[in-house]
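Enquirer: following is a predicted model, sequence given first.
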Amino acid sequence: MSPKREPAAIETVDSLRRRVEELERWFKRQDRQIRFLERERQKLSALVNHTDAGFLVFDAALSVLWLNNVCREWFGRGADVSSGRAATCNDLLCGSPQVCRECPAAAALATATVSHREMRSDLGEAARYIYATAMPIKSPDNCVDECILMLQDITNLEVLRRSQEALLRAKEAAESASRSKSEFLANMSHEVRTPMTGILCMSTHLLGTSISSEQQECLSIIQTAGESLLTIINDILDFSRIEAGRLSIESAPFELVATVDEVVTLVAEKAEEKGLELIVRYAPDLPCRIVGDAGRIRQALMNLVGNAIKFTEKGYVFISVEKSGGDGAKAQLRFAVEDTGIGIPADMLSSVFEKFTQADGSITRRYGGTGLGLSISKQLVELMQGEISVSSTVNAGSTFSFVLPLALAHPAMPQPPAMSPQPPAIPAGMRILVVHAHDKGREVLAEQIASWKARVHAAATGSDAIAALRSAHDAGEAFSLVIIASDVLDPAPEALAGSIRTDPLLKSTALVLWTTRGRLGDPERLKSAGFDAYLVRPARPSQLLDVLAAHCAVERIASHS
């Protein structure tokens, strides 16, 4: 007899209603999640289909499950898995029937780690350089059964990299060729310069012999052309030695003023031929002797001064040497060359120190030269651990300057007798009048004399000088000495000297003519005009001091007689 079954519980209408409502809520939640997932899928699809990178999904057998539009364009319609053909990773990227050992997708599936590889793909419409990144995807049971491969096209970067490598190889080849050229020129220095020097020596010798005026003119042309050619040769050879790394900087004690004066002596005649005022300022606090390469300092300064004279048609060239810093062992010395020449356009200032460079082609045609002088000066200054700079205004002039850190020569170091500085031999407070038409020349001369504790007054014209002399005499502070520059007017130097000598109140005043070699004339005539002495400018401070000391010595002798 079968057991008696309990009758099934009959759900009430209310309970059924509640269950239906729960099911409706569950379906609504599922619908929202489905719509959310669909929206996220659309976002992801838009992202991967509208990016520059290619994306593929592979299964564990490296067959393509999905690929984005970029990959479809790269690999062609044959890679479209929707057509029923399951392309493999090696089919798409390598064109190989077997999986290559470097396959990033295979590595990601095998190791469950992200894998990278830079590769070239020759499939599709064009060869591409690709950076591939494979990322493993795990199934719910934590097994890696798929992977995503991201492909970035680096073809342009690869071309750029190869171009850069080619440029680097070309640069190295060019530098090697340049070094070889520089070494060749540096080695032939003696062979080139010796014959040229011989030609100049013989032409100089012939100019001193009895020859016709026509022969003398021809020899003068040879001499001028030869000197210009030798200058160019020297520039090229010096530049070649610098580039070849064969130019060394020496270090030895030398007298600073004497070194600068050598440059001044060499350029003074050329400046005078062009009617330029050559002004030299030695700052009163300059050290007497320093340690460095006097020859290279002289060469750098010579290039700057030579350029200033070359590119200046009227006005002046001003050379200034001063101390811009330092301590008891070293000094920062600043060498500056200022001119009133053609100037340099602002857009050319940054390139004036480059080799074979001048402001423009017309400059080269008009003034000549190799365009190496400034480049050589820059490299010499830098080899001496210094800095060079330029400032300029078109049609107003330029200022080139360089600063060098130089050690001071030890005071106990022996000095050549001819260069030993003499202590000032003029009394403190000595009254001196400087008459000079040029503002800067007048200022520099007055500064130098004032550094010796003399009392200096300056005048620009002869009439101003007469007025200053008479005023000083009336005040009981007569001038002991007057320095008159040869460019003074109203009246001119000789007339001014005559006026002073014929004035009973002024006739005992000593007169010194500050002249150029071209205006010197006959010394006896200057003496008869009333001048006690003369100096050819630009003169070294020691030469000026000697003249002042000699006058003081004469006065002392006269007072004791």
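Expert: Everything's here; your move. Since we're looking at a predicted model, the values are computed, not measured.
Enquirer: where do the helices sit along the stretch 251-400 of the chain?
Expert: With helices called from DSSP state H, counting those that start in this stretch, the stretch 251-400 of the chain shows them at 256-273, 294-310, 361-367, 373-383.
Enquirer: those: which one's closest to Phe239?
Expert: Among these, the nearest to Phe239 by Cβ to Cβ is helix 373-383 (5.5 Å). Using the backbone N, CA and C atoms, a C-beta is placed for each residue, glycine as well.
Enquirer: list the buried residues of stretch 59-78.
Expert: Of the residues in stretch 59-78, Leu62, Val64, Leu67, Asn68, Val70, Cys71, Arg72, Trp74, Phe75 count as buried by neighbour count, 16 or more other Cβ atoms under 10 Å.
Enquirer: any idea of the pLDDT on the last one?
Expert: Phe75 is assigned 74 on the pLDDT scale.
Enquirer: do the fourth one as well
Expert: Looking at Asn68, its pLDDT reads 83.
Enquirer: now it: how far from Val144?
Expert: 21 Å (Cβ to Cβ, to the nearest Å).
Enquirer: do the first one as well
Expert: Here Leu62 is placed at a distance of 12 Å from Val144 (Cβ to Cβ).
Enquirer: still on that earlier bit, could I get the buried residues of stretch 59-78 as JSON lines with distance to Thr515 and secondary structure?
Expert: Formatted as JSON lines, the buried residues of stretch 59-78 follow (distance: Cβ to Cβ, whole Å; DSSP: H, G, I helix; E, B strand; the rest coil):
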{"residue": "Leu62", "distance to Thr515": "100", "secondary structure": "coil"}
{"residue": "Val64", "distance to Thr515": "99", "secondary structure": "strand"}
{"residue": "Leu67", "distance to Thr515": "95", "secondary structure": "strand"}
{"residue": "Asn68", "distance to Thr515": "92", "secondary structure": "coil"}
{"residue": "Val70", "distance to Thr515": "88", "secondary structure": "helix"}
{"residue": "Cys71", "distance to Thr515": "91", "secondary structure": "helix"}
{"residue": "Arg72", "distance to Thr515": "94", "secondary structure": "helix"}
{"residue": "Trp74", "distance to Thr515": "88", "secondary structure": "helix"}
{"residue": "Phe75", "distance to Thr515": "93", "secondary structure": "helix"}
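Enquirer: now flag whichever of those is closest to Glu227.
Expert: The closest of those, once distances to Glu227 are taken by Cβ to Cβ, is Trp74, at 71.5 Å.
Enquirer: what is the neighbour count of Gly521?
Expert: A count of neighbours around Gly521, defined by other Cβ atoms under 10 Å, yields 14.
Enquirer: center of this protein - which residue?
Expert: Centroid-nearest residue in the chain: Phe353, 6.5 Å away (criterion: Cα atoms, centre = their mean).
Enquirer: list the contacts of that one.
Expert: Going by Cβ atoms under 8 Å, 6 or more residues apart in numbering, Phe353 touches Leu374, Ser375, Ser377, Lys378, Ile388, Val390.
Enquirer: and the second one, how many residues sit next to it?
Expert: The one in question is Ser375. Neighbour tally, Ser375, other Cβ under 10 Å: 20.
Enquirer: can you map out the helices along the stretch 101-250 of the chain?
Expert: Going by DSSP H, counting those that start in this stretch, the stretch 101-250 of the chain shows helices at 104-111, 155-187, 189-207, 213-243.
Enquirer: quick one: low-confidence parts of the stretch 101-250 of the chain?
Expert: Scanning the stretch 101-250 of the chain for pLDDT under 70 picks out 122-126, 158-159, 179, 181-191, 243-246.
Enquirer: mind checking the SS state of the nearest residue to His457 once chain neighbours are set aside?
Expert: In space, not counting the residues next to it along the chain, His457 is nearest to Leu433; the distance is 5.2 Å by Cβ to Cβ, 6 or more residues apart in numbering. Secondary structure for Leu433, judged by DSSP: H, G, I helix; E, B strand; the rest coil, is strand.
Enquirer: is it correct that Leu433 is in contact with Ala460?
Expert: No: Leu433 sits out of contact with Ala460 when judged by Cβ atoms under 8 Å, with a separation of 11.8 Å.
Enquirer: comparing the two, which residue is more hemmed in?
Expert: Using other Cβ under 10 Å as the criterion, Leu433 and Ala460 rank with Leu433 on top: 24 against 18.
Enquirer: separation between that one and Ala465?
Expert: The gap separating Leu433 from Ala465 is 6 Å, by Cβ to Cβ.
Enquirer: number of nearby residues for Ala465?
Expert: By other Cβ under 10 Å, neighbour count at Ala465 equals 26.
Enquirer: secondary structure element holding it?
Expert: If you go by DSSP states H and E, Ala465 is part of helix 462-474.
Enquirer: if I look at Glu38, how far off is Pro140?
Expert: 21 Å.
Enquirer: the two: which is more packed in?
Expert: Each of Glu38 and Pro140 has its neighbours counted (other Cβ under 10 Å); Glu38 has more, 10 against 5.
Enquirer: residues in contact with the more buried one?
Expert: So Glu38 contacts nothing (Cβ under 8 Å, 6+ apart).
Enquirer: chain center to the host helix or strand of it, what's the gap?
Expert: Counting by DSSP H and E, the element that carries Glu38 is helix 13-49. Relative to the chain's own centre, helix 13-49 is displaced by 73 Å; criterion: Cα atoms, centre = their mean, to the nearest Å.
Enquirer: tell me what the next helix or strand after it is packed against?
Expert: Once the chain leaves helix 13-49, the next helix or strand it forms, by DSSP H and E, is strand 54-59. Applying 3 or more Cβ pairs under 8 Å, 6 or more residues apart in numbering; DSSP states H and E, one finds that strand 54-59 contacts strand 64-67, helix 69-75, helix 89-93, strand 144-153.
Enquirer: for these, which one sits closest to Phe239?
Expert: Between Phe239 and those, the tightest spacing by Cβ to Cβ is seen for strand 144-153, at 47.8 Å.
Enquirer: what pairs with the closest one, parallel or antiparallel?
Expert: Partners of strand 144-153 in the sheet, by DSSP bridges, are strand 54-59 (antiparallel), strand 128-138 (antiparallel).
Enquirer: okay, it in PDB with CA atoms only?
Expert: Extracted C-alpha coordinates of strand 144-153, given in PDB (Å, rounded to 0.1, in the frame of the first residue of the first chain):
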ATOM      1  CA  VAL A 144      45.700  31.600 -20.700                       C
ATOM      2  CA  ASP A 145      43.700  30.700 -23.800                       C
ATOM      3  CA  GLU A 146      43.800  34.000 -25.800                       C
ATOM      4  CA  CYS A 147      46.000  37.000 -26.300                       C
ATOM      5  CA  ILE A 148      45.700  40.500 -27.600                       C
ATOM      6  CA  LEU A 149      48.500  41.700 -30.000                       C
ATOM      7  CA  MET A 150      48.900  45.500 -30.300                       C
ATOM      8  CA  LEU A 151      50.900  46.600 -33.400                       C
ATOM      9  CA  GLN A 152      52.300  50.200 -33.700                       C
ATOM     10  CA  ASP A 153      53.700  51.400 -37.000                       C
END
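Enquirer: doesn't Thr265 make contact with Met302?
Expert: No: between Met302 and Thr265 there is no contact under Cβ under 8 Å: 10.9 Å.
Enquirer: can you show me the strands along the stretch 401-550 of the chain?
Expert: 431-435, 455-459, 481-485, 510-515, 533-536 (DSSP state E, counting those that start in this stretch).
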